[in-house]
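K.L.:
sequence and predicted model, in that order:
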Amino acid sequence: MVSDIAFLRVRSRGTGVSARGWHPTGKGLSMEIVYLLLRAAIAVAGMVLFTRVNGLRSFSKMAGYDFGITIAFGSVLASMVMATEASTFWINFGALLALFVVQRTISYFRVENDIFHDWIGNDPLLLMRNGEFLEHNLRKGRVTRADVYGKLREANALQLSQVRAVILEDTGDVSVLHGPEDIDDILLEGVRT
């Protein structure tokens with residue numbers, strides 16, 4: 001019954017859909033498809049334009065906030081494509097632009113201002129050093145040994161004794177540094193131990 005009501009609402013908008021299901025009845029449905037393709041084309045063109053202006057960082061995961069903004073991009077893009085009114089479409093287009101502006105502004109201040117960088121970012125966390133787990137840091141990062149073992153397998157680490165460092169990055173990724181050689185201290189700069 002709920003689906004019948006939904007189809008009736010769609011039919012009342014003149015889309016060529018009846019209460020019994022999809023029936024291409026001419027102009028209504030074909031025009032909706034054309035408008036859908038047009039909205040998608042404009043939305044993607046806007047995304048490409050904003051990405052070109054904003055630069056390569058637009059969809060990066062270099063910092064924790066980047067991931068959240070990238071997800072928001074997808075949500076706003078979907079809202080633009082599915083918008084049923086022109087005003088809703090253009091409001092979402094403005095929201096997309098606003099997200100790019102916010103990301104660029106945060107990135108600028110993060111690079112230019114050390115205090116802002118410390119405030120907005122999380123420092124990476126050392127989970128393992130020279131084959132030994134750092135239990136306190138595992139608890140602090142809410143990571144289990146099983147999680148680390150999985151990341152070690154992904155990194156093709158063959159022996160715990162050759163694992164030089166396992167780092168929980170500020171993006172949530174896990175980096176594994178392994179091999180027979182010692183690790184250069186510069187690679188652990190800024191990592192909480």
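P.N.:
It's in. Predicted model only: the values in this text are computed from it and were never measured. Numbering: from 1, shown residues only.
K.L.:
what backbone torsions are found at residue 125?
P.N.:
phi -120, psi 130 (degrees, to the nearest 10).
K.L.:
quick one, grab the pLDDT at it.
P.N.:
The confidence metric pLDDT takes the value 93 at residue 125.
K.L.:
show me the contacts for it.
P.N.:
Residue 125 makes contact with 137, 140, 141, 167, 168, 191, 192, according to Cβ atoms under 8 Å, 6 or more residues apart in numbering. To be clear about C-beta, it is placed using only N, CA and C from the backbone, and glycine gets the same treatment.
K.L.:
apply 6 Å and report the result again.
P.N.:
137, 141, 168, 192 (Cβ atoms under 6 Å, 6 or more residues apart in numbering).
K.L.:
what is the burial count for residue 44?
P.N.:
13 (other Cβ atoms under 10 Å).
K.L.:
now do the buried residues in the helix or strand where it lies.
P.N.:
Assessed by DSSP states H and E, residue 44 sits inside helix 27-54. Across helix 27-54, burial judged by 16 or more other Cβ atoms under 10 Å covers 28, 29, 32, 39, 43, 46, 47, 50, 54.
K.L.:
next SSE downstream of that helix?
P.N.:
According to DSSP H and E, the helix or strand after helix 27-54 is helix 64-82.
K.L.:
and that next one, which residues are buried?
P.N.:
For helix 64-82, by 16+ other Cβ under 10 Å, it's 65, 66, 67, 69, 72, 73, 76, 77, 79, 80, 81.
K.L.:
tell me which two in the residues you listed are the farthest apart.
P.N.:
Put simply, by Cβ to Cβ the two of these set farthest apart are 65 and 81, 24.9 Å from each other.
K.L.:
in the chain, which segments are predicted with low confidence?
P.N.:
1-27 (pLDDT under 70).
K.L.:
reformat the buried residues of helix 27-54 as JSON lines; add distance to residue 159.
P.N.:
Formatted as JSON lines, the buried residues of helix 27-54 follow (distance: Cβ to Cβ, whole Å):
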{"residue": "28", "distance to residue 159": "66"}
{"residue": "29", "distance to residue 159": "62"}
{"residue": "32", "distance to residue 159": "60"}
{"residue": "39", "distance to residue 159": "55"}
{"residue": "43", "distance to residue 159": "50"}
{"residue": "46", "distance to residue 159": "50"}
{"residue": "47", "distance to residue 159": "45"}
{"residue": "50", "distance to residue 159": "47"}
{"residue": "54", "distance to residue 159": "43"}
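K.L.:
so which of these comes closest to residue 89?
P.N.:
residue 39 (6.1 Å).
K.L.:
relative to residue 94, how far out is that closest one?
P.N.:
Going from residue 39 to residue 94 by Cβ to Cβ, to the nearest Å gives 15 Å.
K.L.:
thinking again about what came up before, which of the contacts of residue 125 has the most neighbours?
P.N.:
Going by other Cβ under 10 Å, residue 168 tops the contacts of residue 125 with 27 neighbours.
K.L.:
cool, thanks, talk later.
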